[in-house]
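Participant: Got a predicted structure here, sequence first:
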Amino acid sequence: MTDLNAARLETLRPENIVELAGSSAPCISIFLPAHRPGGATQSMAAVLKMHCQEADRQLRARELSVEEVTELLEPLQRSIDDPELAKGSHWGRAIFRSPELFVQMNGLESTLSGITVGGCFQLRPILAELHFPPKFYLLTLSEKHVDLLSCSDRKAQTVELPAGVPRSLEEALAFKPPDHDLENRSTAGSSTGSMRSVRFGTTSEREKSRVYLADFFKAVDRGIREIGQAGTVPLVLAGVEEETALYRYVSTYPSLAKEGIAGSPKTPFSTADLLSRAYAILRSDLTSRTSASLKDWRERVAPERFSTDLDAILRAATEGRVGWLFINEAGRTFGTFDGTRRNGRVNWGSEDLLNVAVVETLLQRGLVYSLPSEAMPDGIAIAAVLRY
């Protein structure tokens, strides 16, 4: 039983989503969009107050007693006066309340504002959060200075590079001369026999500067590999395009993100802006990989193990047969779910059946992904790969 005197502020991970999925009804899901004091949008506290009023209306319409409604809403009402809400945030917040749970999750990417009261929590808006890496590095590049940030839970802190790794081009030049690996080469013609390439001069000041900068970036790359857990932690680059392209050319870091954040050191980003752009890059990469995975499953799995029929998927999910579930972000299918869930809920009424499929799959330890419409085959609303 959760101590309801204080909400738990959690980071969403696959291992703690099952508790939410298995909560008993009624389940109140509230999403608060990002807000900064002085902005044009309503404060988080004002939005929460509005949602509490709507929750009260819906709960009373289901003929819950005054005592039941009061007990459910009391911690939500108390949260309206939370000083953290008054401060605002660059990130959204999700609040989940049921008879046995009161959980808040900060640092959500979504700007969604809304409330649902149903037989299970509305988990679709936070599915992407399940698959973000728990940690990644953000490297800001320039000749004058490099900064390495360790990012997790929508926060960033500076990481010191290992001893001996230069922090600027000037410092690198003081250590040792460049290795000149970037000498220009051209493809050998037929007159050069077995030679594969021909060197040609690099005497311009611009090319010399490029060689020095490449040597500096190599040293930084080696330093990041030392602290990057064998290169398994994703790395996102930020800087002017010419310099990030050069860094990619010399880097051997295995988990370097394909996209980077373009910007000039003369107009530096705020940390919040850097994080926002970095998470957008990670989301784009996640969408690309998930879409490719869905396509691969569809092409190679036996037809009887691949389904796009919602009713069949719901039945399979309750039986624990859905191993991988893919949901269209824009899809909505409302109806009545007649199955008896593990939490004892029977026929709550009309609800988002795609979300019910999500909840049932998560309860059985299946993997669930959310994709934009264009990434779903033929714009379908749902697809499932069955375990058997």
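Facilitator: Okay, I see it. Numbers count the residues shown, from 1 in each chain.

Participant: now the helices for the stretch 101-250 of the chain?
Facilitator: Ranges of helices within the stretch 101-250 of the chain are 127-131, 169-175, 205-227, 241-250, based on DSSP state H, counting those that start in this stretch.

Participant: Could you check the angle the longest one makes with helix 241-250?
Facilitator: Following axes from the mean of the first three to the mean of the last three C-alpha atoms, to 10 degrees, one obtains 60 degrees for the angle between helix 205-227 and helix 241-250.

Participant: mind saving the C-alpha coords of helix 205-227 as PDB?
Facilitator: Presented in PDB, the C-alpha positions along helix 205-227 are these (Å, rounded to 0.1, in the frame of the first residue of the first chain):
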ATOM      1  CA  GLU A 205      46.200  27.700 -43.600                       C
ATOM      2  CA  ARG A 206      42.600  26.600 -43.600                       C
ATOM      3  CA  GLU A 207      43.700  23.000 -44.200                       C
ATOM      4  CA  LYS A 208      46.300  23.200 -41.500                       C
ATOM      5  CA  SER A 209      43.800  24.500 -39.100                       C
ATOM      6  CA  ARG A 210      41.500  21.600 -40.000                       C
ATOM      7  CA  VAL A 211      44.200  19.100 -39.200                       C
ATOM      8  CA  TYR A 212      44.900  20.700 -35.900                       C
ATOM      9  CA  LEU A 213      41.200  20.700 -35.000                       C
ATOM     10  CA  ALA A 214      40.800  17.100 -36.100                       C
ATOM     11  CA  ASP A 215      43.600  16.100 -33.800                       C
ATOM     12  CA  PHE A 216      42.000  18.000 -30.900                       C
ATOM     13  CA  PHE A 217      38.600  16.200 -31.600                       C
ATOM     14  CA  LYS A 218      40.400  12.800 -31.600                       C
ATOM     15  CA  ALA A 219      41.700  13.500 -28.200                       C
ATOM     16  CA  VAL A 220      38.300  14.500 -26.900                       C
ATOM     17  CA  ASP A 221      36.800  11.400 -28.500                       C
ATOM     18  CA  ARG A 222      39.300   9.100 -26.800                       C
ATOM     19  CA  GLY A 223      38.500  10.800 -23.400                       C
ATOM     20  CA  ILE A 224      34.700  10.200 -23.900                       C
ATOM     21  CA  ARG A 225      35.300   6.600 -24.700                       C
ATOM     22  CA  GLU A 226      37.100   6.200 -21.400                       C
ATOM     23  CA  ILE A 227      34.000   7.300 -19.400                       C
END
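
Participant: Report the buried residues of that helix.
Facilitator: Across helix 205-227, burial judged by 16 or more other C-beta atoms under 10 Å covers 210-225. All C-beta spots, glycine's among them, are computed from the backbone N, C-alpha and C.

Participant: Quick one: closest of the helices of the stretch 101-250 of the chain to residue 154.
Facilitator: Ranking the helices of the stretch 101-250 of the chain by proximity to residue 154 (C-beta to C-beta) places helix 127-131 first, at 10.0 Å.

Participant: Can you name the residues in contact with the closest one?
Facilitator: Defining contact as C-beta atoms under 8 Å, 6 or more residues apart in numbering, one finds that helix 127-131 is touched by 12-14, 17, 105, 108-109, 283, 286, 290, 327, 358, 368-370.

Participant: Closest to residue 338 out of those residues?
Facilitator: Nearest to residue 338 out of those is residue 358 (C-beta to C-beta; 17.4 Å).

Participant: So for that closest one, what's the pLDDT?
Facilitator: Listed pLDDT for residue 358 reads 97.

Participant: For the helices of the stretch 101-250 of the chain, which has the smallest mean pLDDT value?
Facilitator: Sorting the helices of the stretch 101-250 of the chain by mean pLDDT places helix 169-175 lowest, at a mean of 83.

Participant: what does that helix rub up against?
Facilitator: Outside helix 169-175, the residues touching it (C-beta under 8 Å, 6+ apart) are 143, 144, 164, 166, 212, 213, 215, 216, 219.

Participant: Relative to residue 289, how far out is residue 126?
Facilitator: The spacing between residue 126 and residue 289, counted by C-beta to C-beta, to the nearest Å, is 19 Å.

Participant: Equivalent analysis for residue 255, please.
Facilitator: For residue 255 relative to residue 289 (C-beta to C-beta), the value is 13 Å.

Participant: repeat for residue 156
Facilitator: Residue 156 is 24 Å from residue 289, where distance means C-beta to C-beta.

Participant: swap in residue 377?
Facilitator: From residue 377 to residue 289 the distance is 16 Å (C-beta to C-beta).

Participant: Find me the pLDDT at the residue nearest to residue 93 when sequence neighbours are not counted, would you?
Facilitator: Spatial nearest neighbour of residue 93, excluding adjacent residues (C-beta to C-beta, 6 or more residues apart in numbering): residue 32 at 4.5 Å. Looking at residue 32, its pLDDT reads 92.

Participant: More neighbours: which of residue 126 and residue 289?
Facilitator: Set residue 126 next to residue 289 and count neighbours by other C-beta atoms under 10 Å: residue 126 wins out with 23 against 12.

Participant: Please tell me I have it right and that one contacts residue 95.
Facilitator: No. Using C-beta atoms under 8 Å, residue 126 makes no contact with residue 95, being 11.5 Å away.

Participant: Now for these two: what residues contact both?
Facilitator: With C-beta under 8 Å, 6+ apart, residue 126 and residue 95 have common neighbours residue 105.

Participant: thinking again about what came up before, of the buried residues of helix 205-227, closest to residue 276?
Facilitator: Within the buried residues of helix 205-227, the smallest distance to residue 276 is 22.2 Å, found for residue 224 (C-beta to C-beta).

Participant: Residue 252 should be in a strand, yeah?
Facilitator: No. Applying DSSP: H, G, I helix; E, B strand; the rest coil, one finds residue 252 to be coil, outside a strand.

Participant: How many residues are close by it?
Facilitator: The burial count for residue 252: 10, using other C-beta under 10 Å.
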